[in-house]
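>>> sequence and computational prediction follow.
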Amino acid sequence: MKSRRVSLIVLLFCLLTTPLWARTVTLEECLDLAARNNPSLKAVSWDSRIAEEGIRQAAAARFPRVDAQAGYTMQQAPQGAKIAGITAETQDPDFAFGGLSATYTIYDFGRRASRVQQARFLADSTAHTFAARRSDVAMQVIEAYFGILEAHRLVVAAEEEVAQVEQHRKMAQALFEEGAVTRNDVLQADVRLAAARQNLLATRNRRENIWLQLNFLTGADQSFRGELDEKAGIATVDVRPDGVGVLARRSEIQALRSAVEASEADVKENSSNFYPELYTRLALDYAQNDKAKEQTIMSASIGLKMNLFDGFATTSARERAVHSRSRNQDALRQTEAQVQLEIATAQNDIAVAKERIGVTETAIHQSEENLRINHERYQERVGTATEVLDAQTLLTQTRSDYYRALFDFQVASARLKRATGEL
């Protein structure tokens, strides 16, 4: 009874002291953490808020502009008038003044509407750009996730190679002590063992670096390490040969299309600067003057204003808007062609990775049998140490090729999903 109680206490202690990250971390959890905690996404997310304020700023032109002013003027001498040879002061030498005015643009040939429309398209472009950036981060997370799984498999293969070479080295040492082989077999095994250990260290270091990259992408602590899901996979997608619907789903394409629309609105706005503007103005002006009957003047105005010459600034602004529109149109066409290229290359990589998996899977069994045969031949003193070491290296290489093909298939599937706008 006492031993059972001690066992329960030990079990409870182990459960309480086991790190939470010891559980399996799924790919979906990593993607969710990256969407919420990725540093670059947090920085880019502010662009959408800034763009929304740009809409409010552009829409402000639809309301009257109200200005107020106040001040105090001190003059060397008051202004006066000469009447029948007599000079009479018409104002105080020092006086306070103030005013309140409201100005409203009645018609400006679509300038305000174009400005608001441009701000809205820019906000849409910013939102799509953020979605594209989020897709890029998701792709980086997937590459890091499967990179860790691949590196872990390669570490296991490298550890097995080290164990096999150590076993062969012991056999060579025993045969050398018996006088059955020369010392060259032992030295050859030592050199190959050193190479295998270096490969193991490099593979472990690569796995460690990818873990650091994944922790950065997901906003986790650098020391975080967990068990990843070995069964994680990316579902393949079907793409029509004509690519219909793909371009409409890509966030980069949508962002550039919105940018083109914003450029169109910018051209309209700058073109309207060549036309006059009809406005109204209500004003209340006060100037302290004891010599005047009315110190406060109320006025209402309706007017027309138009720029006649500004050093060709208006013309340059319109040409700049036209060139910007052309640049965005060319960028859109380039991105559309690039998306088609991404889809084609991802499809090719998926097809090749499938074939590589089948070929290397069969080659592993052949390499294992080849190592077994050469190992037995060496024990029977028929084969050479070089044949055994080459067989061990060949088996490690075959296993590595299989693991790389396995995870290259998953990454290529993710690239295809990203290219089609489904990631």
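That came through, no problem.

>>> please report the distance of the residue most central in space within the chain from A34.
What sits nearest the mean C-alpha location of the chain, by C-alpha atoms, centre = their mean, is R133, with 3.3 Å. Between R133 and A34 the computed distance is 11 Å (C-beta to C-beta, to the nearest Å). In this view, the C-beta of every residue, glycine as well, is placed from N, C-alpha and C.

>>> same deal with M74?
Counting by C-beta to C-beta - M74 and A34 are separated by 65 Å.

>>> shaky segments in the chain?
Across the chain, the ranges flagged by pLDDT under 70 are 1-22, 240-244.

>>> quick one on the thing from earlier: host element of the residue nearest to the centre of the chain?
helix 111-178 (DSSP states H and E).

>>> could you give the angle of the very next helix or strand once past that helix to helix 111-178?
Note on helix 111-178: by DSSP H and E, the next helix or strand toward the C-terminus is helix 183-218. Per axes from the mean of the first three to the mean of the last three C-alpha atoms, to 10 degrees, the angle that helix 183-218 makes with helix 111-178 is 160 degrees.

>>> mind listing what the following helix or strand past helix 183-218 pairs with, with the direction of each?
Sequence-wise, the next helix or strand downstream of helix 183-218 (DSSP H and E) is strand 227-228. Applying DSSP bridges, strand 227-228 is found paired with strand 24-25 (parallel).

>>> quick one: distance of the partner strand to the chain centre.
Computed by C-alpha atoms, centre = their mean, to the nearest Å, the separation of strand 24-25 from the middle of its chain amounts to 24 Å.

>>> tell me which residues are up against it.
226-229 (C-beta atoms under 8 Å, 6 or more residues apart in numbering).

>>> pull out the buried residues from the strand of greatest length in the chain.
If you go by DSSP state E, the chain has its longest strand at strand 94-107. Neighbour-count burial for strand 94-107 flags 95, 99, 101, 105 (criterion: 16 or more other C-beta atoms under 10 Å).

>>> would you list those in a markdown table and tack on distance to I83?
A markdown table is the format used below for these (distance: C-beta to C-beta, whole Å):
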| residue | distance to I83 |
| --- | --- |
| F95 | 22 |
| G99 | 29 |
| S101 | 33 |
| T105 | 43 |
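
>>> how much space between the residue lying closest to D94 once chain neighbours are set aside and A292?
In this structure, D94 finds its nearest non-sequential neighbour in M74, 4.7 Å apart by C-beta to C-beta, 6 or more residues apart in numbering. The spacing between M74 and A292, counted by C-beta to C-beta, is 18 Å.

>>> also N370?
113 Å.

>>> neighbour-wise, which of these two wins?
N370 (18 against 13; other C-beta atoms under 10 Å).

>>> give me the helices and strands touching whichever helix or strand the more buried one is part of, please.
Using DSSP H and E, N370 sits in helix 313-379. In this structure, helix 313-379 makes packing contacts with helix 111-178, helix 246-249, helix 251-271, helix 385-419, judged by 3 or more C-beta pairs under 8 Å, 6 or more residues apart in numbering; DSSP states H and E.

>>> burial measure for A77, as a count.
Counted with other C-beta under 10 Å, the neighbours of A77 add up to 7.

>>> and it, its phi and psi?
Note on A77: its backbone torsions stand at phi -150, psi 150 [degrees, to the nearest 10].

>>> residues contacting it?
A77 neighbours (C-beta under 8 Å, 6+ apart): P93.

>>> use 58 as the first number for this chain going forward.
Renumbered: residue one is now 58, and that last one reads A134.

>>> about what we covered before: grab the nearest non-local neighbour of the residue nearest to the centre of the chain.
V101 (5.1 Å).

>>> can you tell me the element the one you found falls in?
Assigned by DSSP H and E, V101 falls in helix 96-116.

>>> can you name every helix or strand that that helix contacts?
With 3+ C-beta pairs under 8 Å, 6+ apart as the test, helix 96-116 has helix 168-235 packed against it.

>>> show me what the helix it packs on is packed up against.
Looks like helix 168-235 contacts helix 84-94, helix 96-116, helix 240-275, strand 284-285, helix 308-328, helix 370-436, helix 442-476 (3+ C-beta pairs under 8 Å, 6+ apart).

>>> much appreciated, bye for now.
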